[in-house]
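Novice: any chance you could fold what I've pasted below:
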Amino acid sequence: MLAPGGGVQNIGWASGEPAVFEPYSLFSIGPAKTMSTFGDVHEVGPDLATLLGFVAAGKLSPEVDWRGSWERFAEAGQALLDRRIGGKAVLDVLA
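Specialist: You can find the predicted model right below:
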């Protein structure tokens, strides 16, 4: 379903399952389709700025499903690993 010239961005891998694509599903005549991992860089600032821009423009919905204090990081992490939440976990850090 990816348009010619489109890109697939992998953001996270909560399921731990391999991504499987049908043979030739990324093949098309015209501009190349790409698949890459978002955030695999040493400096995350530019990637985060891009994601925030997408959110601000309404092009990306982060789907926050759990929110709590940073002191509950273990609870949030376990909920993600156990797949008890369907969206993102946000840890609030107060200055």
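Novice: from residue 73, how far off is residue 90?
Specialist: 11 Å (CB to CB, to the nearest Å). (Glycine included, C-beta is placed from N, CA and C.)
Novice: name the nearest residue to residue 73, ignoring sequence neighbours.
Specialist: The spatial neighbour of residue 73 that comes closest, neighbours along the chain excluded (CB to CB, 6 or more residues apart in numbering), is residue 91 at 5.8 Å.
Novice: who does that neighbour form a beta bridge with?
Specialist: residue 68 (DSSP bridges).
Novice: which residues touch it?
Specialist: 68-70, 72-73, 76 (CB atoms under 8 Å, 6 or more residues apart in numbering).
Novice: can you list those in a markdown table and add distance to residue 1, pLDDT and neighbour count?
Specialist: Compiled in a markdown table, the contacts of residue 91 are given as follows (distance: CB to CB, whole Å; pLDDT from 0 to 100; neighbours: other CB atoms under 10 Å):
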| residue | distance to residue 1 | pLDDT | neighbour count |
| --- | --- | --- | --- |
| 68 | 36 | 94 | 14 |
| 69 | 40 | 95 | 12 |
| 70 | 38 | 93 | 11 |
| 72 | 38 | 95 | 15 |
| 73 | 36 | 93 | 12 |
| 76 | 32 | 94 | 19 |
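Novice: closest one of those to residue 15?
Specialist: residue 76 (17.3 Å; CB to CB).
Novice: how close does that closest one sit to residue 68?
Specialist: 6 Å.
Novice: find the residues that touch each one of the two.
Specialist: With CB under 8 Å, 6+ apart as the test, residue 76 and residue 68 both reach 89, 91.
Novice: which residue is nearest the middle of the protein?
Specialist: Nearest to the mean C-alpha position of the chain, by CA atoms, centre = their mean, lies residue 11 at 2.8 Å.
Novice: can you pull the pLDDT of residue 14?
Specialist: Residue 14 is assigned 66 on the pLDDT scale.
Novice: all further residue positions should be reported with the first residue as 10.
Specialist: Yes, from this point I'll number from 10; that puts the last item at residue 23.
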